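Participant: quick one: sequence and predicted model below, then my questions.
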Amino acid sequence: MRSNIVSEVLKGIRACGRRSGIRRRIQAAGLPTRVSQWWGAVPFITSGVVIVCGVIYLVCLLAGYDSFVEICFLPSMVISRFQVYRIYTSILFHGSLLHVLFNMLALVPLGSELERIMGSLRYVHVMFLLATSNAIFHLLIALLVAHNPLHTYQYLMDECAIGFSGIIFSMIVIETSLSGAQSRSVFGLFNVPAKWYALILLIVFQLLMPNVSLLGHLCGILSGFAYTYGLFNFLLAGSSFYSAIESSSFLSACVRRPRYIMCSGASPSGYLPTHSSTSTQSSGLISGNMWRNLSSWMPQRETTRDQSAQDTRFPGRGRTLGSTQSQAETSAISSGQRISDGRRSTVDSAAAVVGATVLNQDSGSFDEEVEKLVAIGFEKTQVEVALAAADGDPNVAVEILMSQLD
């Protein structure tokens, strides 16, 4: 009897061990899957910048290269020796692991949102403009401080600045202007007016990390405001220009990438995207969950603005390469009709579900959510199907759409 009891106890222990082992394997397999889905949703250019900055840091680390004075943005060397290359090399190099890690984690949500709205090619152009304007502001302020008649201060001329954070601060300003939010949360601790959000972040970071470049971050904020106020409009081309470049042969390899966001071939969109709510509880920079924050960034169309008055600060909206439905087919699906040209039967069944959902809920609210997701860059057909499957919940619909990007 005692031996039977012992054997049963041993069997129970083994069974518990197997179950716990299976549970650990499932959890271990879940993390790589989530990381893969998260990375697979990052657009082409944003992911490319992350890879380039990461590889450069690893190469410098392995090679023992730390002579950043040769590639950093140094105003005295730019002026005296006209080393303009420092404007662009300085943003790709980082001084420490935490430096590059923090900058890239901040870039992913901000850059992904802006790339989906602008399109990949326009997004590259805007980053180039921001890097150039950051350097110009940096030079001007350093020269004014160094040669002012009251007291010369040479330190800024000899300050060596590296890192992508200047452009990230520009993106914070642009994203805040896009969002239309009235207030922003700083690390979840307190709310500040949205127009002061970037400056408050600048002060907080300077207090927490006194060694960071105050002037470099400040110039990033100035460049962001210059962009949002339209001072760069004369340097921005129309959508047809970007579309013509994308159709050329030398960009064909990039354009065929599944995460490349095409620029719209139509005329620039005449609206400024805003938040669906008047307040945002968390910033994209401090986001812990990219999918949920993306739903709070969803833009919507303003109906009071005249279509002829185009806002070229945020021209057009991106769309993902590889769309197979035409506009006529999309409108047919949105009204619950069947596609009769031999499309997949699953689309037909999904169209019926969408039609039933639209009848059962407020059509205005449903169409508004559809427009928000379409404005980000998702295909309208997929948006309608995802919203129907999510019972109209935009957060769940975003997660469904992101999982389909793989």
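Facilitator: It's in.

Participant: are we agreed that residue 185 is in a helix?
Facilitator: No - Residue 185 sits outside any helix when classified using DSSP: H, G, I helix; E, B strand; the rest coil, being strand.

Participant: wait, it touches residue 197, no?
Facilitator: No - Residue 185 is beyond contact range of residue 197, at 9.0 Å (criterion: Cβ atoms under 8 Å). Bear in mind the C-beta positions are built from the backbone N, C-alpha and C, glycine included.

Participant: those two: which is more packed in?
Facilitator: The residue with more neighbours, out of residue 185 and residue 197, is residue 197; 25 against 17, by other Cβ atoms under 10 Å.

Participant: what sits closest to that one if chain neighbours are left out?
Facilitator: The shortest distance from residue 197 to any non-neighbouring residue, by Cβ to Cβ, 6 or more residues apart in numbering, is to residue 184 (4.1 Å).

Participant: what does the pLDDT read for the one you found?
Facilitator: As predicted, residue 184 sits at a pLDDT of 87.

Participant: give me the number of residues near it?
Facilitator: Using other Cβ under 10 Å, residue 184 has 27 neighbouring residues.

Participant: who's it bridged to?
Facilitator: residue 192 (DSSP bridges).

Participant: next one: it from residue 217, what distance?
Facilitator: Distance of residue 184 to residue 217, computed by Cβ to Cβ, to the nearest Å: 17 Å.

Participant: okay, now residue 114: neighbour count?
Facilitator: 25.

Participant: what about it, which SS state?
Facilitator: When classified by three-state DSSP, residue 114 comes out as helix.

Participant: quick one: it and residue 171 touch, right?
Facilitator: Yes - between residue 114 and residue 171 a contact is recorded at 6.2 Å, counting by Cβ under 8 Å.

Participant: intersection of neighbour lists for these two?
Facilitator: Residues touching both residue 114 and residue 171 (Cβ atoms under 8 Å, 6 or more residues apart in numbering): none.

Participant: lowest-confidence helix or strand of this structure?
Facilitator: Ranking every helix and strand in the chain by mean pLDDT, DSSP states H and E puts helix 290-296 at the bottom, with a mean of 38.

Participant: tell me the helix or strand right after the helix or strand that residue 31 is a member of.
Facilitator: Residue 31 is part of helix 2-40 when elements are defined by DSSP states H and E. Next along the chain after helix 2-40, taking DSSP H and E as the criterion, comes helix 44-63.

Participant: so which bits of that following helix are buried?
Facilitator: By neighbour count with 16 or more other Cβ atoms under 10 Å, helix 44-63 contains the buried residues 44, 45, 46, 47, 48, 49, 50, 53, 56, 57, 60.

Participant: hang on, isn't residue 171 packed against residue 227?
Facilitator: No - in this structure, residue 171 is not within contact of residue 227 by Cβ under 8 Å, at 9.7 Å.

Participant: what do these two both touch?
Facilitator: Shared contacts of residue 171 and residue 227, counting by Cβ under 8 Å, 6+ apart, come down to residue 130.

Participant: quick one: which of the two has more around it?
Facilitator: Neighbour count, other Cβ under 10 Å: between residue 171 and residue 227, residue 171 has more, with 28 against 24.

Participant: helix or strand: which one has the residue lying closest to that one once chain neighbours are set aside?
Facilitator: With sequence-adjacent residues excluded and distances taken as Cβ to Cβ, 6+ apart, residue 171 is closest to residue 110, at 4.4 Å. Secondary structure assignment for residue 110, by DSSP H and E: helix 97-118.

Participant: what helices or strands is that helix leaning on?
Facilitator: Other elements packing on helix 97-118 under the criterion 3 or more Cβ pairs under 8 Å, 6 or more residues apart in numbering; DSSP states H and E are helix 44-63, helix 120-146, helix 165-179, strand 261-262, helix 290-296, helix 363-376.

Participant: wait, which of the ones you listed is closest to residue 248?
Facilitator: Relative to residue 248, the nearest member of those by Cβ to Cβ is helix 120-146, separated by 10.8 Å.

Participant: list the buried ones in that closest one?
Facilitator: For helix 120-146, by 16+ other Cβ under 10 Å, it's 120-127, 129-135, 137-139, 141-142, 145-146.

Participant: I figured the residue nearest to residue 197 was touching residue 195, is that so?
Facilitator: No - at 9.5 Å, residue 184 does not count as touching residue 195 under the criterion of Cβ under 8 Å.

Participant: what's the overlap in contacts for the two?
Facilitator: residue 176.

Participant: what's the neighbour count on residue 193?
Facilitator: Count around residue 193 with other Cβ under 10 Å applied: 11.

Participant: how close does the nearest residue to residue 127 once chain neighbours are set aside sit to residue 39?
Facilitator: Closest residue to residue 127 apart from its sequence neighbours, by Cβ to Cβ, 6+ apart: residue 167 at 6.1 Å. To residue 39, residue 167 is 21 Å away according to Cβ to Cβ.

Participant: more crowded one of these two?
Facilitator: Legend: neighbour count by other Cβ under 10 Å for residue 167 and residue 39, higher for residue 167 (25 against 13).

Participant: ok, now which ones touch the more buried one?
Facilitator: 91, 127, 130, 131, 134, 220.

Participant: measure residue 153 to residue 218 for me?
Facilitator: Counting by Cβ to Cβ - residue 153 and residue 218 are separated by 15 Å.

Participant: neighbour count winner among those two?
Facilitator: Shown here are residue 153 and residue 218; by other Cβ under 10 Å, residue 218 has more neighbours (20 against 13).

Participant: might you report the residue contacts of the more buried one?
Facilitator: Residue 218 neighbours (Cβ under 8 Å, 6+ apart): 141, 202.

Participant: surely it forms part of a helix?
Facilitator: Yes - counting by three-state DSSP, one finds residue 218 located in a helix.

Participant: can you tell me how far it is from residue 167?
Facilitator: 13 Å.

Participant: what's the answer for residue 95, then?
Facilitator: Taken as Cβ to Cβ, the span from residue 95 to residue 167 is 16 Å.
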